[in-house]
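Visitor: From the sequence below, what's the structure:
(one chain, ligands or ions: 1)
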Amino acid sequence: MQLDDIDRVGVVGAGTMGNGIAQVAATAGYDVVMRDVEQQFVSAGFEDVDESLARLVARDELTRPEADRARDRIDGTTDLADLSDCDIVVEAATEDMDVKQSVFEDLAETCAPETVLATNTSTLSITTIASVVDRPERVLGLHFMNPVPVMKGVEVVVGEKTSEDTLALGHAFAEDLGKETWEADDKPGFVVNRILMPWINEGIRAYDEGVAEMADIDRGMTLGTNVPMGPLELADHIGLDVVLDASETLHEELGDRYKPAYLLKRKVAAGDLGKKTGAGFYEYD
Ligand SMILES: NC(=O)c1ccc[n+]([C@@H]2O[C@H](COP(=O)([O-])OP(=O)(O)OC[C@H]3O[C@@H](n4cnc5c(N)ncnc54)[C@H](O)[C@@H]3O)[C@@H](O)[C@H]2O)c1
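Guide: Now for the predicted structure:
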């Protein structure tokens, strides 16, 4: 399959990442079907898309008619069968191997044999996800960054059986969405999260051990290393449950240097998941 053969894009999961991927694909001119397990999640995904498109219009990065056309290109559904005629599907469901494998089994049954199946996983093995389908050569990682409409990078992850054609298509598709790509082997956390997760966990530990106030840890890292967000603010932005899932996978695969911070686990247990729940390390309106 070539880039020109892609007309219809499926997105599985309408959460933080899924609705962002649906938005950028629709803005690039693709017809998009965005699927979640319940209508309330699909509706919440559309609300995020509407807000994000409105911000782009306010910043003169899109015209109102362009934003409206993009919005009209996205269909929402709870029925996986509606993804049957998609040429590429990007899975952005919960970071859990059982969930991902079950989604991929369903996709392999539902979609045509030539459909490319991508996962947006942060840390899980592409090869293990692909092991449940009849076309592992057509499976790859397309790891978008958060927030998808703003962040330029997409990490293209190569599974054990990913074919050269699938990889080339993955790069071309991401570039067509206005992104820049790099390639990583299928090893835990790939490039970005292998390095980012211990950085975030160390920030949380430093706070918990009284090295500095929360805001000073974030200020220290933004002013001291020129990153746009410090570790605690970034953790809230990503979602503390997502950070914990990713950290646990890395810990299991790579050993003790990836152990999640105790305070991270306590916050997740309390339901304080960051921006999306109104409180994490900081509080949000
Ligand atoms: N949040 C980030 O900063 C970030 C960045 C890069 C990659 N990721 C990865 O993207 C994926 C999604 O993360 P997120 O932050 O969007 O999570 P999220 O919790 O915001 O959204 C996940 C969505 O998937 C839905 N879902 C669960 N099972 C499903 C199924 N079987 N079919 C369809 N939808 C299903 C949930 O209802 C939820 O709406 C994860 O693999 C995560 O690791 C996240």
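
Visitor: Would you confirm that residue 117 contacts residue 83?
Guide: No: Residue 117 is not in contact with residue 83 according to Cβ atoms under 8 Å; the separation is 10.3 Å. Using the backbone N, CA and C atoms, a C-beta is placed for each residue, glycine as well.

Visitor: Which one's more surrounded, those two?
Guide: A count of neighbours by other Cβ atoms under 10 Å puts residue 117 above the other of residue 117 and residue 83, at 25 against 22.

Visitor: Just grab the bridge partners of that one for me.
Guide: Beta-bridge partners recorded for residue 117 (DSSP bridges): residue 89, residue 139.

Visitor: residues in contact with residue 23?
Guide: Counting by Cβ atoms under 8 Å, 6 or more residues apart in numbering, residue 23 touches 49, 52-53, 70, 74, 148-149.

Visitor: which SS class is the closest residue to residue 174 other than its chain neighbours?
Guide: Nearest non-adjacent residue to residue 174, counting by Cβ to Cβ, 6 or more residues apart in numbering: residue 154, 4.0 Å away. Under DSSP: H, G, I helix; E, B strand; the rest coil, the three-state class of residue 154 is strand.

Visitor: Neighbours of residue 154, how many?
Guide: Residue 154: 27 neighbours (other Cβ under 10 Å).

Visitor: For it, report the pLDDT, please.
Guide: Among the per-residue scores, residue 154 holds a pLDDT of 98.

Visitor: wait, doesn't it sit right on residue 140?
Guide: No: between residue 154 and residue 140 there is no contact, the gap being 11.0 Å when judged by Cβ under 8 Å.

Visitor: give the contact list for whichever residue of the stretch 1-150 of the chain sits closest to the ligand.
Guide: Per Cβ to the nearest ligand atom, residue 15 is where the stretch 1-150 of the chain lies closest to the ligand, at 1.9 Å. Residues near residue 15 by Cβ under 8 Å, 6+ apart: 36, 41, 45, 92-94.

Visitor: Is residue 10 located within a strand, as I assumed?
Guide: Yes: under three-state DSSP, residue 10 falls within a strand.

Visitor: My guess is it contacts residue 93. True?
Guide: No: shown here, residue 10 and residue 93 do not form a contact pair, counting by Cβ under 8 Å, at 12.0 Å.

Visitor: Quickly list what's touching both of residue 117 and residue 83.
Guide: With Cβ under 8 Å, 6+ apart as the test, residue 117 and residue 83 both reach 89, 107, 111.

Visitor: pretty sure the last one contacts residue 105?
Guide: What it means is residue 111. No: judged on Cβ under 8 Å, residue 111 makes no contact with residue 105 at a distance of 11.5 Å.

Visitor: is stretch 250-262 up against the ligand anywhere?
Guide: No: contact of stretch 250-262 with the ligand (Cβ under 6 Å from any ligand atom) is absent, the minimum separation being 11.8 Å.

Visitor: Pull out the buried residues from that stretch.
Guide: 250-251, 254, 258, 260-261 (16 or more other Cβ atoms under 10 Å).

Visitor: Next step: those residues restricted to strands.
Guide: Secondary structure from DSSP state E places none of these in strands.

Visitor: Quick check: the two most widely separated of the residues you listed?
Guide: Within the buried residues of stretch 250-262, 254 and 261 form the most distant pair, 15.8 Å apart (Cβ to Cβ).

Visitor: filter the shared contacts of residue 117 and residue 83 down to the ones close to the ligand.
Guide: Of these, not one also sits near the ligand (Cβ under 6 Å from any ligand atom).

Visitor: how many neighbours does residue 160 have?
Guide: Neighbours of residue 160 (other Cβ under 10 Å): 15.

Visitor: Which residue is the nearest non-sequential neighbour of it?
Guide: Nearest to residue 160 is residue 127, by Cβ to Cβ, 6+ apart, at 4.2 Å.

Visitor: swap in residue 54?
Guide: Closest to residue 54 by Cβ to Cβ, 6+ apart is residue 67, at 7.4 Å.

Visitor: That concludes my questions; thank you for your assistance.
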